[in-house]
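# Predicted model and sequence below, questions to follow.
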Amino acid sequence: IVSLLIAIPLGILSATRRNGPVDAAGRVGSLVGLSIPNFWFGILLVVLFSVHLGWLPSSGSVPFAFTWDHFRFLILPAVTLGTSLAAITYRMTRSSLLEVLGEDYVRTARAKGLPESNVIGRHALRNALIPVVTVIGIQVGGLLGGTVVVEQVFSWPGLGSLVVRAIAQRDYPLVQGTILFLAVFYVLVNLIVDIAYMYLNPRLRHQ
């Protein structure tokens, strides 16, 4: 969610205002986000917001509930993971939308005198989001078990840490159950991605 809230709006602004200040800042920010290791960025956030400012807890978790006490523990891990994912999604959104904006049907829509917001929102963006949805699906799969280091930094009891602990303790039934859950969840994510394709491009429904 953090990744999408940052990447897609910023990618749209960068593509529609190419070579402007927003585009330059977005490209530099995405490069920094891709270059910084997750665990190191998480440690920096802990030092700043937990040690120096004391605004957020440095680690741990509480039982799930729709309360501020629960979400306080989620902020730093979510920002840590979302930053690198946002960098990838931003670059994909920008490049895909720039490619679509150069297509003939977009130029035709502009030649008809349609408002720019209508051209982008109804004609360009839906086709540009197809590769973005693909990347998001891959990222969700990676988040399931590929966040072990970040979970260790924030002492967060995630699936990645659970699998590593089960392997270390040779708890094979737990390993098998967790891997099965991850596989089923990944299949469901890919199914949702395919459904999103058909929504974004109705022509795919007939294929």
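Structure received. Note that this is a predicted model, so its numbers are computed, not measured. Residues are numbered from 1 along each chain as shown.

# quick check: longest helix of this protein.
helix 68-101 (DSSP state H).

# Show the average pLDDT along that one.
Taken as a whole, helix 68-101 has a mean pLDDT of 84.

# Stretch 4-17 now?
86.

# buried residues in it?
Neighbour counts over stretch 4-17 (16 or more other Cβ atoms under 10 Å) mark 4, 6-8, 10-16 as buried. No exception for glycine: its C-beta is placed from N, CA and C like everyone else's.

# Can you flag which of those belong to helices?
Among the buried residues of stretch 4-17, DSSP H puts 4, 6-8, 10-16 in helices.

# Adding distance to residue 179, write those out as CSV.
Below are those laid out as CSV (distance: Cβ to Cβ, whole Å):
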residue, distance to residue 179
4, 27
6, 31
7, 30
8, 32
10, 36
11, 34
12, 38
13, 40
14, 39
15, 39
16, 43
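
# thinking again about what came up before, with the buried residues of stretch 4-17 in mind, which one is nearest to residue 191?
Among the buried residues of stretch 4-17, residue 4 lies closest to residue 191 (Cβ to Cβ), at 19.1 Å.

# which helices and strands does whichever strand or helix holds residue 192 pack with?
Per DSSP states H and E, residue 192 falls inside helix 172-200. Counting contacts by 3 or more Cβ pairs under 8 Å, 6 or more residues apart in numbering; DSSP states H and E, helix 172-200 packs against helix 125-145, helix 159-168.
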